[in-house]
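S.K.: Using only what follows, build the 3D model:
(one chain, ligands or ions: 1)
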Amino acid sequence: MVKAPDGLMPTYPATLIVLKKTKLGESDLIITGFTDEGYQVRAVAKGARKPSSRIGAQLELYTVAKTLLQKGRSLDIVREATVLISNAGCRSDVEHSAAAAVIVELLDKVTRDSDQEERLFALGKEALRCVGAVELEGLRLITAGALLKIVAQLGFRPVLDVCVVCAAPLDGGQGGAREVEGVQGEMNTQGAAPPAPIAFSHAQGGALCSRCASLEPEGSLVLMAPALLNWLRTLMGSRFVALETHAHAGTEGVATEILLFSKNWLRAHLLVYLKSLDFLVNLR
Ligand SMILES: [Zn+2]
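M.R.: Numbering: from 1, shown residues only. Coordinates of the predicted model:
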């Protein structure tokens, strides 16, 4: 924070991802940003909606920008802004915008003005770079991976390797599960009988052995193909550069299943509903 002469509010630098832009008055914008120090900031960019505005041009959605902000009574004010990473690919068509919107909406909803979530900044920045760079057919897998990695970073990683209740090995028992998720997982070995699906409880936070599954209330479980569980592990356990090699046309079906899984997981554990996620899933 730079000490200002009497009568002027102090200024401070902030490197941020532009998460949201809200219209204010005739020509101003309120910029919601997530900073590299791990907190959320809202600041007024005066005149930013005028076509000639230099500051407005530097603060496009999904951009990483270096800014100088001035403390204000209610909202801070953007004094300077310079693009560091444009992420122009995130704004290149409706599909890329829809995918990037999911990431920024989640960051907007899970970050606060005081919480320190520094590692989320690096994750969000890399997720947007990846969305901007990937071909259309890989978009859903990258978005699904980004959602799961952010959720895991926040401490809400589903338990997938052993029974979430008793830690026994997963034995493919179905308990009282009815609804089936992920039976089309593309990792099924061809020709052989498909491996038995695994019971999964959003409320319990993971996969269940057959004994524990049988004790869960009716209707509280979903069945997941082992291939889908494998994808969840892969997406959470891989760096984005590795995910980019997986993101191709053959993954769109399984990626959509994972996006729908993520929707239920976010609702159960973070009490978050993402409007942009429904939009992306229903896009095609
Ligand atoms: Zn168990």
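S.K.: make it CA atoms for all contacts and neighbour counts henceforth
M.R.: Noted.
S.K.: tell me which element R79 is part of?
M.R.: R79 belongs to strand 76-85 when assigned by DSSP states H and E.
S.K.: Report all helices and strands that that strand contacts.
M.R.: strand 40-45, helix 54-58, strand 64-70 (3 or more C-alpha pairs under 8 Å, 6 or more residues apart in numbering; DSSP states H and E).
S.K.: a markdown table please, covering those and showing mean neighbour count.
M.R.: Output for the helices and strands packed on strand 76-85, formatted as a markdown table (neighbours: other C-alpha atoms under 10 Å):
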| stretch | mean neighbour count |
| --- | --- |
| strand 40-45 | 23 |
| helix 54-58 | 18 |
| strand 64-70 | 22 |
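S.K.: What values do phi and psi take at T111?
M.R.: phi -110, psi 160 (degrees, to the nearest 10).
S.K.: closest point of the stretch 51-200 of the chain to the ion, which residue?
M.R.: Ranked by C-alpha to the ion, the top residue of the stretch 51-200 of the chain for proximity to the ion is C166, at 4.1 Å.
S.K.: pretty sure that residue is in contact with A213, am I right?
M.R.: No: contact criterion C-alpha atoms under 8 Å: C166 and A213 do not qualify, at 10.7 Å.
S.K.: neighbour count winner among the two?
M.R.: A213 (25 against 11; other C-alpha atoms under 10 Å).
S.K.: re earlier: now the helices and strands packed on strand 76-85 in CSV, with mean pLDDT and distance to G138?
M.R.: Formatted as CSV, the helices and strands packed on strand 76-85 follow (pLDDT from 0 to 100; distance: least, C-alpha to C-alpha, whole Å):
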stretch, mean pLDDT, distance to G138
strand 40-45, 96, 29
helix 54-58, 94, 28
strand 64-70, 97, 23
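S.K.: Now the element after the helix or strand where I258 lies, going C-ward?
M.R.: I258 is part of helix 252-269 when elements are defined by DSSP H and E. As assigned by DSSP H and E, the chain's next helix or strand after helix 252-269 is helix 275-281.
S.K.: chain center to that following helix: distance?
M.R.: 12 Å (C-alpha atoms, centre = their mean, to the nearest Å).
S.K.: Would you mind pulling up the elements that it packs against?
M.R.: Packed next to helix 275-281, using 3+ C-alpha pairs under 8 Å, 6+ apart, are helix 94-110, helix 252-269.
S.K.: quick revisit: determine which of the helices and strands packed on strand 76-85 approaches E218 most closely.
M.R.: Smallest distance to E218 across the helices and strands packed on strand 76-85 (C-alpha to C-alpha): 40.9 Å, for strand 40-45.
S.K.: Need the pLDDT of A193.
M.R.: pLDDT, A193: 68.
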